[in-house]
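**Q** dropping a prediction and its sequence here:
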2 protein chains.
Amino acid sequence: MTDTIEFLHHPTSQPCRAVHQLMLENDIPFEERIINLMDGENETAEFKARYNPTGQVPIIVDGDFTLWESSAIGFYLSERFAIPGNWLGRTMQERALIQQYTHFHSTMLRRGAGAFFYTRFAECIWGPRDYSAEIAMGRYMLAQSMPILETWLGRHDHLCGDAISFADLLAFHEFVSHEAGAIIPASEWAKFPRIRAWFDRLAERPHAKAVSGMIMMVGAMRQAGEAIPMTRKSSLAKGTQIRPDEGH
Amino acid sequence: MTDTIEFLHHPTSQPCRAVHQLMLENDIPFEERIINLMDGENETAEFKARYNPTGQVPIIVDGDFTLWESSAIGFYLSERFAIPGNWLGRTMQERALIQQYTHFHSTMLRRGAGAFFYTRFAECIWGPRDYSAEIAMGRYMLAQSMPILETWLGRHDHLCGDAISFADLLAFHEFVSHEAGAIIPASEWAKFPRIRAWFDRLAERPHAKAVSGMIMMVGAMRQAGEAIPMTRKSSLAKGTQIRPDEGH
């Protein structure tokens, strides 16, 4: 079995960027395959049957083993390539706290992505409609999550301890999207100085910059009012939809 | 350090029951402390500062180590007590697939709990209002999740392979609540014969019955129209709220 991982992803996806950065930070050998979320490649029955029934990315293929869900991928790569323990935990307790974060993330901070997605992307898919309920829900989840992160960052330099971990990458890339979309005003940032300092520190990492270029560009285009043709649906910012027809 | 785990939980919570059953199945020594979600014990600032900033259960305390998030607890207990590998994975790949399931669970099947919660419990907290949007969203997430489970159960006897794992417990206890609330009609069950057979098989396990008694009783009370005084908020069926004021 070759050691090269096939990495299916899209750079506008926050969890994809977290996994991408984890691999770059640790010199994990991979070949990337960009999945065109914009034209619905991931929505096809073939894609779902072969890779992931939810249609979401990131996905890795390691020989005959296919895996999706960014956090599962993180822990798997940690074992598979014996990457330094700070990333996914050196001890039973560190691993548990990173796990705890990943689930907090899925149901709290990650749902804040709705603020970005429905402000900047939704009308590219469904046209100009009233997305205020979705945006309000995203902002609410962000507002619920940020004070908790601020508290944690008062105890340690990073979310799960003093060393950087995969938890930081997951959280960081949520805020990268919010930055790309100018979602969090300066007045709001002022309430969270530790998150701000942590974010700015992480943003300096070369691999953070490398994987964030595309979303910063797309964010700038959207802020300028440029349309981006998109048809994606199931790959919607995960868990942010609040209506059965996925928003509309 | 004693080997006895302090287990903070409530038997109406699906993730609590999954952890509870995991501990019973594996003779893990624990002392339980029921957290009264009904009167908001978990909503206090003291509780959140001491145990979990989200106010949610289950939580375990192992000496001076506190951990929340059911999936993190499952993996931690697996390492801490070296429980048989079928539960949290014997190999790197098995662990990864169970991890994958736990995150699918958080954002898909778990959100289906809204169908149960808003049909049977919401009016006990906020009074009789229109919960149709929340119920529709819960039913939608359930409808999105069940065909995927049905497919998986066509490949193996359990969700992540032939042996029972923690993934099965997480999923099973979602359906226990739906059964308690009579949420899924027979006509709907008829479309998912493998899930039905899997559920019935799991329901026969003595520890499944032991941890499900309370919710079955509460479900019967609610179906009969009896009120149950409740004030809980943050412990809402996780991720099922669709409005910033948590539903209303």
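**A** Cool, the structure landed. Numbers count the residues shown, from 1 in each chain, chains lettered A, B, ... in the order given.

**Q** CA atoms for contacts and neighbours, from now on please.
**A** OK.

**Q** in PDB, list the C-alpha atoms belonging to stretch A:201-217.
**A** Output of stretch A:201-217 as PDB, limited to C-alpha atoms (Å, rounded to 0.1, in the frame of the first residue of the first chain):
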ATOM      1  CA  ARG A 201      -1.000  34.300  15.900                       C
ATOM      2  CA  LEU A 202      -2.300  31.300  14.000                       C
ATOM      3  CA  ALA A 203      -2.800  33.400  10.800                       C
ATOM      4  CA  GLU A 204       1.000  33.900  10.700                       C
ATOM      5  CA  ARG A 205       1.700  30.300  10.200                       C
ATOM      6  CA  PRO A 206       2.800  29.800   6.600                       C
ATOM      7  CA  HIS A 207       0.500  26.800   6.000                       C
ATOM      8  CA  ALA A 208      -2.500  28.700   7.400                       C
ATOM      9  CA  LYS A 209      -1.800  31.300   4.700                       C
ATOM     10  CA  ALA A 210      -1.300  28.700   2.000                       C
ATOM     11  CA  VAL A 211      -4.700  27.100   2.500                       C
ATOM     12  CA  SER A 212      -6.700  30.300   3.100                       C
ATOM     13  CA  GLY A 213      -5.800  32.200  -0.100                       C
ATOM     14  CA  MET A 214      -8.800  31.000  -2.100                       C
ATOM     15  CA  ILE A 215     -11.500  31.800   0.500                       C
ATOM     16  CA  MET A 216     -10.000  35.300   1.100                       C
ATOM     17  CA  MET A 217     -10.300  35.900  -2.600                       C
END
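
**Q** lowest-scoring secondary structure element of chain A by mean pLDDT?
**A** Lowest mean confidence among the helices and strands of chain A (mean pLDDT, DSSP states H and E): helix A:122-126, at a mean of 86.

**Q** right, and the helix or strand after that one?
**A** If you walk from helix A:122-126 toward the C-terminus, the next helix or strand you reach (DSSP states H and E) is helix A:132-155.

**Q** report whether that following helix contacts chain B.
**A** Yes - for helix A:132-155 and chain B, the contact criterion (C-alpha under 8 Å from any C-alpha of the partner chain) is met by A:133, A:136-137, A:140-141, A:148.

**Q** got the domain boundaries for chain A?
**A** Listed by automatic domain parsing, the domain ranges of chain A are A:5-81, A:92-223.

**Q** pLDDT score assigned to the nearest residue to A:Glu41 once chain neighbours are set aside?
**A** Excluding its sequence neighbours, the residue lying closest to A:Glu41 (C-alpha to C-alpha, 6 or more residues apart in numbering or on different chains) is A:Ile35, at 6.6 Å. pLDDT, the model's per-residue confidence, is 93 for A:Ile35.

**Q** cool, and A:Pro244?
**A** 81.

**Q** for A:Ala208, give its distance to chain B.
**A** 24 Å (C-alpha to the nearest C-alpha, to the nearest Å).

**Q** so for whichever strand or helix holds that residue, mean pLDDT?
**A** Using DSSP H and E, A:Ala208 sits in helix A:206-223. Helix A:206-223 shows a mean pLDDT of 92.

**Q** just put the domains of chain A in JSON lines and tack on mean neighbour count.
**A** What follows is those, written out as JSON lines (neighbours: other C-alpha atoms under 10 Å in any protein chain shown):
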{"stretch": "domain A:5-81", "mean neighbour count": "20"}
{"stretch": "domain A:92-223", "mean neighbour count": "19"}
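
**Q** looking at those domains, which is nearest to B:Asp200?
**A** domain A:5-81 (24.7 Å; C-alpha to C-alpha).

**Q** distance between the ends of the closest one?
**A** Distance across domain A:5-81, first residue to last, is 11 Å (C-alpha to C-alpha, to the nearest Å).
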